[in-house]
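**Q** no FASTA, just this:
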């Protein structure tokens, strides 16, 4: 008990000692200044770019990283950044016949004509038929029987239902494979994170992961499970990810490449 208490006190002290700073900054891209938010933390060891919904972006950086190194990092990723900023600034257009991602493949959205209800002429009430589902998945087609203005809501609801089922299945299967208890699962609607682990041990997974392949889903799950042992992103943490999911580099790279498409809606 003494060792556990000492370890807990040490962890709390390290968290209190973390220094964080934020500052507004700008960099020249394509001949014009582009503003961004620089977030520094003594807990970070690497640089990272994040794009916001409003078309702005921020950089996460270690506390003592020189500004010149940060700007070189941004310029090395300028092409990726331009693409993400263009996606965020262009509104997503829902339409009949569009192609949508689902479980690493593509499905076609088919808008069916709305059924017209005939007037009830019978004198006696008769049981009504159950309402038809708004979205039906058939092969590689999503059949949708709502008005075009309702596509975003109906298809979004379908994706969330699928995510609840698919992500739960993947989490349980991975925990069985690793012979570990299944943690509590929450669905997340975060705009820049695929998953997280709460202080109480609940795993949150972004519902948009249902658009990704099984390998990408399992990588994110193992990423979060690795946080049970390592709450940081140190080399020791990535070794733990590799232990849980050997060969995670490939699905991680695919997720980084395709992620902007998954976040379009």
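**A** In hand now; what should we look at? Since this is a predicted model, take the numbers as computed values, not measurements. Numbering: from 1, shown residues only.
**Q** the stretch 151-265 of the chain: helices as residue ranges?
**A** 151-178, 214-226, 235-244, 249-262 (DSSP state H, counting those that start in this stretch).
**Q** mean pLDDT lowest for which of those?
**A** Comparing mean pLDDT over these, the weakest stretch is helix 249-262, at a mean of 88.
**Q** that one versus helix 235-244: what angle between them?
**A** With axes from the mean of the first three to the mean of the last three Cα atoms, to 10 degrees as the basis, helix 249-262 and helix 235-244 are set at 100 degrees to each other.
**Q** turn the helices of the stretch 151-265 of the chain into CSV, columns for mean neighbour count.
**A** Heads up, the C-betas are built off the backbone N, CA and C, glycines and all. Listed next are those as CSV, based on neighbours: other Cβ atoms under 10 Å:
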stretch, mean neighbour count
helix 151-178, 16
helix 214-226, 22
helix 235-244, 16
helix 249-262, 15
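**Q** got JSON lines for these, with distance to residue 85 too?
**A** As requested, the helices of the stretch 151-265 of the chain are exported to JSON lines (distance: least, Cβ to Cβ, whole Å):
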{"stretch": "helix 151-178", "distance to residue 85": "22"}
{"stretch": "helix 214-226", "distance to residue 85": "23"}
{"stretch": "helix 235-244", "distance to residue 85": "29"}
{"stretch": "helix 249-262", "distance to residue 85": "10"}
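**Q** do you know which of the ones you listed lies nearest residue 192?
**A** helix 249-262 (9.5 Å; Cβ to Cβ).
**Q** got the angle between that closest one and helix 214-226?
**A** Going by the same axes, to 10 degrees, helix 249-262 makes 100 degrees with helix 214-226.
**Q** contacts for helix 249-262, please.
**A** 51, 83-84, 87, 101, 194, 208-209, 211-213, 215-216, 218-220 (Cβ atoms under 8 Å, 6 or more residues apart in numbering).
**Q** again, only using 10 Å
**A** Outside of helix 249-262, the residues that reach it under the criterion Cβ atoms under 10 Å, 6 or more residues apart in numbering are 51, 80, 83-84, 86-88, 100-101, 104, 192, 194, 206, 208-220, 222-223, 238, 241-242, 245.
**Q** just want the most central residue of the chain.
**A** When Cα atoms, centre = their mean is applied to the chain, the residue found nearest the centroid is residue 194 (3.2 Å).
**Q** now that one: phi and psi?
**A** phi -90, psi -30 (degrees, to the nearest 10).
**Q** distance of it relative to residue 240?
**A** 17 Å (Cβ to Cβ, to the nearest Å).
**Q** related to what we said a few turns ago, so which of the helices of the stretch 151-265 of the chain gets nearest residue 76?
**A** helix 249-262 (14.3 Å).
**Q** what helix or strand does the residue nearest to residue 232 when sequence neighbours are not counted sit in?
**A** Nearest non-adjacent residue to residue 232, counting by Cβ to Cβ, 6 or more residues apart in numbering: residue 43, 6.7 Å away. Per DSSP states H and E, residue 43 falls between elements, in no helix or strand.
**Q** which ones are touching residue 43?
**A** 14, 15, 17, 18, 19, 20, 62, 63, 231, 232, 233, 234.
**Q** just the buried subset of the residues you listed, please.
**A** Among those, the ones that count as buried by 16 or more other Cβ atoms under 10 Å are residue 233.
**Q** so what pairs up with residue 144 in the strands?
**A** Legend: beta-bridge partners of residue 144 under DSSP bridges are residue 111, residue 135.
**Q** that one and residue 107 touch, don't they?
**A** No. Taking contacts as Cβ atoms under 10 Å, residue 144 lies outside contact range of residue 107: 11.0 Å.
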